[in-house]
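Colleague: No letters, just coordinates:
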């Protein structure tokens, strides 16, 4: 059996999309087998935790003008994963990965510290 999210999550996701995409969303999913389509989304999104899905929905609401397809939403979810999943050097410097992005971030942090532009909470 393929892993999948609970259909209640998919129903909630679609209700959210319907609220902020309106008729564009309703027209997009005017298909004969909505249950099978929802099951496909549940399986396609099974690798993502709730926080990633929440962040992806927020991103869509603020930045995506048309309702995304499943492949488009998967890409958005991948991009919205929590920062610690993408940048382990922030959570444990012993695991610092010398990626171009990581090195650039470290240079920016060093500049801020050198210029004392970091605000204290």
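Modeller: Now that the structure is in, tell me what you want to look at. Keep in mind that what you see is a predicted model, and the values were worked out from it rather than measured. Numbering: from 1, shown residues only.

Colleague: Now name the helix or strand holding residue 72.
Modeller: Here residue 72 is covered by helix 70-80, with elements defined by DSSP states H and E.

Colleague: what ranges of the chain fall below the confidence cut-off?
Modeller: Along the chain, segments meeting pLDDT under 70 span 1, 82-99, 101-102, 116-121.

Colleague: Which stretches in it count as helices?
Modeller: 7-21, 23-28, 34-44, 50-63, 70-80, 83-86, 100-115 (DSSP state H).

Colleague: rewinding a little: what helices or strands is the helix holding residue 72 leaning on?
Modeller: In terms of contacts (3 or more CB pairs under 8 Å, 6 or more residues apart in numbering; DSSP states H and E), helix 70-80 is packed against helix 34-44, helix 50-63. C-beta: built from backbone N, CA, C; applies to glycine.

Colleague: gap between residue 106 and residue 113?
Modeller: According to CB to CB, to the nearest Å, residue 106 and residue 113 sit 11 Å apart.

Colleague: Over to residue 103?
Modeller: Using CB to CB, residue 103 is found at 16 Å from residue 113.

Colleague: And residue 39, by the same measure?
Modeller: 50 Å.

Colleague: burial count for the nearest residue to residue 64 once chain neighbours are set aside?
Modeller: Nearest residue to residue 64, sequence neighbours excluded (CB to CB, 6 or more residues apart in numbering): residue 76, at 7.2 Å. By other CB atoms under 10 Å, 19 other residues sit near residue 76.

Colleague: wait, doesn't residue 76 sit right on residue 58?
Modeller: No - checked against CB atoms under 8 Å, the pair residue 76 and residue 58 is beyond contact range at 10.1 Å.

Colleague: Apart from its chain neighbours, what residue comes closest to residue 29?
Modeller: Nearest non-adjacent residue to residue 29 (CB to CB, 6+ apart): residue 37, at 6.7 Å.

Colleague: Many thanks, I have nothing further to ask.
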